[in-house]
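Peer 1: Generate coordinates for the sequence data below:
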Amino acid sequence: MNTAAQVPKITFTGYEKLVIVLLSIIQFTVILDFMVLSPLGAFVMEDMSIVPSQFGLVVSAYAFSAGASGLLAAGFADRFDRKKILVFFYVGFIVGTALCAIAPDYHFLLFARIVTGLFGGVLGSIGFAIITDIFSMQVRGRVMGFTQMAFAVSQVLGIPIGLLLADKFSWHSPFWMIVGLSLLTFFAIVFYLKPVTEHLKLQTKQNPFQHLVKTISKPDYIRGFLATVLLATGGFMLMPFGSAFSVFNLGIRQDQLFLLYGITGVFSMIFGPLVGKYSDKIGAYRIFVFGSILSIITVAVYTRLGITPFWIIQTINVVLFVSITCRIISSSTIMTAVPELSDRGAFMSINSSIQQIAGGIASAVAGQIVVQTASGKLENYEVLGYVVIVATLFTIGMMYVIHKQVARKNVTANLAN
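Peer 2: Next up, the predicted model:
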């Protein structure tokens with residue numbers, strides 16, 4: 001048997017590498033903008049004198065507005081050059097982040113997060129559409145491994161630096177840092193990213209609303225959307241209160257958060273490309289199952305901890321985020337293979353919208369479940385852990401259905417060729 005022909009291409013052209021870098025930086029700025037608010041929770045709640053339910057609303061406001069914009073953009077996502085769409089929404093994201101940087105009170109911050117979500121929430125789906133347009137399925141796991149490494153980089157560089165700036169200056173300063181990096185990235189996109197228009201050749205004269213309805217109503221796509229709801233439920237419940245739980249329940253000092261997130265990010269950076277590589281080599285679904293089982297075990301332990309030595313917390317945090325990395329990269333790889341080229345932008349926008357809305361609901365519900373005592377300690381955090389575990393178990397089954405659906409689609413395409 002000739003196995004050489006089965007080995008996927010593992011080298012990229014100079015331009016392909018540039019695309020990967022640009023999309024990775026965009027992902028980094030967007031993810032950091034969303035994630036940095038969670039570890040800043042202890043600072044924000046103290047500075048603005050707000051309770052966990054109010055902070056949960058600030059976090060979920062981004063998700064709800066991102067979900068709304070995803071639905072609104074879905075009908076138009078496949079009707080324009082993807083570069084132009086990317087530039088438009090990235091400008092809005094930068095403006096929204098700048099508003100967060102100058103927010104003087106709770107209500108202004110809530111408004112700023114809504115604006116940021118309206119634009120930032122769509123950027124990830126646009127990036128996924130561009131990746132799917134440019135890179136074949138055989139190497140897409142590797143590409144996802146690098147672009148989703150932005151999640152890890154935000155841990156090792158963005159969040160620790162953001163926490164350091166917040167500790168030395170104020171919680172506003174990390175948002176200024178994001179604005180500065182985003183402006184540099186914006187100019188790089190304008191001057192170096194080529195138009196992405198191959199999908200325009202397949203467009204019909206149906207109006208945007210018809211395109212939206214057609215995409216939402218396809219059974220294969222509906223299964224993908226249901227899987228996304230489960231993924232978001234498990235992903236958004238614990239994160240908003242992670243820093244507060246670490247400080248008030250586990251006994252970590254605020255100045256140790258820098259080290260906690262930094263070390264965790266280093267390991268996530270190391271594992272990101274490896275996860276992408278093995279997703280291509282042994283299968284994305286197998287990696288997803290491994291990451292899910294690891295996540296279930298870790299969450300069950302983590303959410304029930306009390307005052308704990310720092311090295312144990314660090315170890316558990318590393319394992320938890322490695323499991324998250326496995327789930328994000330593998331599930332993203334599988335999801336990119338679900339839509340047809342003509343529906344790709346719409347599917348990604350709707351999928352992103354559903355993810356944000358489901359995540360927003362999860363964050364809001366989490367804010368109602370968790371109660372902060374007078375001492376600052378969070379109660380009922382283990383209840384969130386149980387919900388996450390149940391959602392993760394259901395997600396394993398749903399992703400199996402999507403995995404088999406994609407496999408049948410690939411077999412049909414190969415027979416047609």
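
Peer 1: can you pull the contacts of Val406?
Peer 2: Going by CB atoms under 8 Å, 6 or more residues apart in numbering, Val406 touches 334, 337-338. No exception for glycine: its C-beta is placed from N, CA and C like everyone else's.

Peer 1: Please pick the buried ones from those.
Peer 2: 334, 337-338 (16 or more other CB atoms under 10 Å).

Peer 1: Turn those into CSV, including secondary structure and distance to Ile312.
Peer 2: Formatted as CSV, these follow (DSSP: H, G, I helix; E, B strand; the rest coil; distance: CB to CB, whole Å):
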residue, secondary structure, distance to Ile312
Ile334, helix, 34
Ala337, coil, 39
Val338, coil, 40
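
Peer 1: Report the lowest-confidence entry in these.
Peer 2: Ranked by pLDDT, the buried ones among the contacts of Val406 bottom out at Ala337, which has 79.

Peer 1: I'd guessed that one sits against Lys404; true?
Peer 2: No: the criterion here is CB atoms under 8 Å, and Ala337 misses it with Lys404 at 11.8 Å.

Peer 1: ok, the buried ones among the contacts of Val406 vs Glu379, which is closest?
Peer 2: Ile334 (36.9 Å; CB to CB).

Peer 1: gap between the closest one and Gly56?
Peer 2: For Ile334, the distance to Gly56 equals 30 Å [CB to CB, to the nearest Å].

Peer 1: what do you get for Leu230?
Peer 2: From Leu230 across to Gly56, the span is 20 Å (CB to CB).

Peer 1: who has more neighbours, the two?
Peer 2: Higher neighbour count among Leu230 and Gly56: Gly56, with 25 against 20, using other CB atoms under 10 Å.

Peer 1: Who are the contact partners of the more buried one?
Peer 2: Contacts of Gly56 by CB under 8 Å, 6+ apart are 240-241, 363-364, 366-368, 370.

Peer 1: redo that, cut-off 10 Å
Peer 2: Contacts of Gly56 were listed using CB atoms under 10 Å, 6 or more residues apart in numbering, and they are 41, 50, 237, 240-241, 360, 362-370.

Peer 1: cool, Phe43 as well?
Peer 2: Here Phe43 is in contact with 37, 163, 166-167, 170-172, 174, 243, 254, 257 (CB under 10 Å, 6+ apart).

Peer 1: Sort out which of the residues you listed are buried, if you could.
Peer 2: Buried among the contacts of Phe43 (16+ other CB under 10 Å): 37, 163, 166, 171-172, 174, 243, 254, 257.

Peer 1: Looks like Gln372 contacts Ala244 (just checking).
Peer 2: Yes: counting by CB atoms under 10 Å, Gln372 touches Ala244, with 7.5 Å between them.

Peer 1: The two: who's more crowded?
Peer 2: Ala244 (22 against 17).

Peer 1: Secondary structure element holding that one?
Peer 2: Per DSSP states H and E, Ala244 falls inside helix 242-248.

Peer 1: other SSEs contacting that helix?
Peer 2: On a contact count with 3 or more CB pairs under 10 Å, 6 or more residues apart in numbering; DSSP states H and E, helix 242-248 meets helix 41-48, helix 257-282, helix 310-336, strand 378-379, helix 381-416.

Peer 1: I'd like these laid out as CSV, including distance to Gly121.
Peer 2: CSV is the format used below for the helices and strands packed on helix 242-248 (distance: least, CB to CB, whole Å):
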stretch, distance to Gly121
helix 41-48, 20
helix 257-282, 22
helix 310-336, 16
strand 378-379, 27
helix 381-416, 21
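
Peer 1: between these, which gets the lowest average pLDDT?
Peer 2: Mean pLDDT values for the helices and strands packed on helix 242-248 show the minimum at helix 41-48, a mean of 71.

Peer 1: re the thing from before, among the contacts of Gly56, which one sits closest to Ile126?
Peer 2: For those, the nearest to Ile126 is Gly360 (19.8 Å; CB to CB).

Peer 1: For this protein, name the helix or strand with the lowest mean pLDDT.
Peer 2: helix 149-153 (a mean of 69; mean pLDDT, DSSP states H and E).

Peer 1: how about the residue nearest to Gly251 when sequence neighbours are not counted, what does it touch?
Peer 2: Residue nearest to Gly251 in three dimensions, not counting chain neighbours: Ile307, with 4.2 Å by CB to CB, 6 or more residues apart in numbering. Going by CB under 10 Å, 6+ apart, Ile307 touches 249-252, 313.

Peer 1: Selecting buried members of these in PyMOL, what would you type?
Peer 2: The buried residues among the contacts of Ile307 can be selected in PyMOL (16+ other CB under 10 Å) with this line:
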select buried, resi 249+250+252+313
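
Peer 1: possible to save the contacts of Ile307 as JSON lines with distance to Lys281?
Peer 2: Below are the contacts of Ile307 laid out as JSON lines (distance: CB to CB, whole Å):
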{"residue": "Asn249", "distance to Lys281": "39"}
{"residue": "Leu250", "distance to Lys281": "37"}
{"residue": "Gly251", "distance to Lys281": "41"}
{"residue": "Ile252", "distance to Lys281": "37"}
{"residue": "Ile313", "distance to Lys281": "33"}
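
Peer 1: Return the member of the contacts of Ile307 nearest to Ile389.
Peer 2: Among the contacts of Ile307, and counting by CB to CB, the member closest to Ile389 is Asn249, at 18.6 Å.

Peer 1: pretty sure that closest one is touching Asn380, no?
Peer 2: No: at 11.2 Å, Asn249 does not count as touching Asn380 under the criterion of CB under 10 Å.
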